[in-house]
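In: 3D, please:
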Amino acid sequence: MRYLGGKVRLGKHIVKHIIDLHKPNQVYYEPFVGGLGLFRYIPIEWVRVINDLDSELIALWQAVAVGYEPPNELSKADYNRIKSTPNLLDCKPYERAFIAYFCSFGGKKWGGYAQGENRNFYNEAHNDIVISQRKDSLSLRHIIHHATMLSMDYSELPYVPNSLIYCDPPYKATTGYTMGEFDSDYFYKWCKLMTIKGHTVLVSEYTAPNSWLCLWSKDKKVSVSRYDYGTKTEKLFLVR
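Out: The predicted model follows:
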């Protein structure tokens, strides 16, 4: 699924390192699960806890797990109407989340009506995107069905002892998310504290403290604007 900072393409490479570090009966946590880009590759037999600060996004995954089917189409007028009216009675939180993230440009929450390639016929091109996103979300139903889903600050989750924690936070000095400013320096300190407590912590980022071990890296194209791309080096760090 298209989601800002998502790991659909890179997740299959990153997950190999997560699996290597996983111990028998160890509980796996994703405090920043977002669009399930990496989570889809985690073995379903693990005890898994996923979380996101956006309660509407978690409501979407909870709804998909129990049978919700996202729409096949969405007009630009309806997109703008729902965006501008947060408390619409005819739009449930999980429906709003699907539209806000997966019907928007680049998977950024309310990042603008996703027009696709054929911009002369934006409704038709947009609905191709909606259908694709709908199909992908439904394919994840069996993956998330038995996962525990929470919505709170990452630092307040009820971590059991000796957990395996994979973090894909908002990256330092990059385009902000819609849930407020993210304090990367505080996050780095929290990660170190969690390792001292006995947890295994992995983090996806472009940069990290010098003491962290880089397990994997790969260059990727990143969207700079609707029509322009740049290159960044995606990295996976083991906190130590």
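In: Low-confidence stretches in this structure?
Out: Filtered on pLDDT under 70, the chain yields the residue ranges 1-2, 116-126, 175-179, 223-227.
In: By residue count, which strand of the protein is the longest?
Out: Ranked by residue count and defined by DSSP state E, the top strand of the chain is strand 213-225.
In: and the next helix or strand after it, which strands flank it?
Out: Counting by DSSP states H and E, the next helix or strand C-terminal to strand 213-225 is strand 228-238. Here strand 228-238 is paired, per DSSP bridges, with strand 200-205 (antiparallel), strand 213-225 (antiparallel).
In: Quickly list the domain ranges of this protein.
Out: 11-53+152-238, 76-141 (automatic domain parsing).
In: And the helices in this protein?
Out: Along the chain, counting by DSSP state H, helices occupy 11-21, 55-65, 76-84, 93-102, 122-139, 141-144, 184-196.
In: could I get those helices as CSV with distance to Tyr113?
Out: Quick note: C-beta positions are derived from backbone N, CA and C, even for glycine. Output for the helices of the chain, formatted as CSV (distance: least, Cβ to Cβ, whole Å):
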stretch, distance to Tyr113
helix 11-21, 27
helix 55-65, 18
helix 76-84, 5
helix 93-102, 10
helix 122-139, 6
helix 141-144, 26
helix 184-196, 31
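In: Which one, of these, ends up nearest to Tyr159?
Out: Nearest to Tyr159 among those is helix 184-196 (7.4 Å), distances taken as Cβ to Cβ.
In: Including mean neighbour count and distance to Tyr68, could the domains of the chain go into a markdown table?
Out: Shown next, in a markdown table, are the domains of the chain (neighbours: other Cβ atoms under 10 Å; distance: least, Cβ to Cβ, whole Å):
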| stretch | mean neighbour count | distance to Tyr68 |
| --- | --- | --- |
| domain 11-53+152-238 | 16 | 14 |
| domain 76-141 | 16 | 6 |
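In: quick one: contacts for the residue at minimal distance from the centre of the chain?
Out: For the chain, Gly34 is the residue whose C-alpha lies nearest the centre (Cα atoms, centre = their mean; 2.0 Å). By Cβ atoms under 8 Å, 6 or more residues apart in numbering, the contact set of Gly34 is 3-6, 52, 57, 168.
In: do that again at 10 Å, thanks
Out: 1, 3-7, 50, 52, 54, 57, 101, 107, 168-170, 177 (Cβ atoms under 10 Å, 6 or more residues apart in numbering).
In: Tell me which of the strands paired with strand 228-238 sits nearest to Arg96.
Out: With respect to Arg96, and counting by Cβ to Cβ, the nearest of those is strand 213-225 at 23.7 Å.
In: quick revisit: just the closest of the contacts of Gly34 to Trp216, please.
Out: Nearest to Trp216 among the contacts of Gly34: Lys7, at 12.1 Å, using Cβ to Cβ.
In: Pull the number of nearby residues for that closest one.
Out: As a burial measure, Lys7 scores 23 neighbours (other Cβ atoms under 10 Å).
In: Give me the residues contacting the longest strand of the chain.
Out: Strand 213-225 has contacts (Cβ under 10 Å, 6+ apart) with 4-5, 9-10, 13-14, 16-18, 20-21, 105-108, 174-175, 202, 204-206, 208, 228-240.
In: Let's see that with 6 Å instead.
Out: Under the criterion Cβ atoms under 6 Å, 6 or more residues apart in numbering, residues 17, 106, 229-238, 240 lie in contact with strand 213-225.
In: Distance from that strand to the middle of the chain?
Out: Computed by Cα atoms, centre = their mean, to the nearest Å, the chain-centroid distance of strand 213-225 equals 16 Å.
In: For the remainder of this discussion, apply numbering that starts at 432.
Out: New numbering, starting at 432: the last item is strand 644-656.
In: Compute the inter-axis angle for that strand and helix 442-452.
Out: Interaxial angle, strand 644-656 versus helix 442-452 (axes from the mean of the first three to the mean of the last three Cα atoms, to 10 degrees): 160 degrees.
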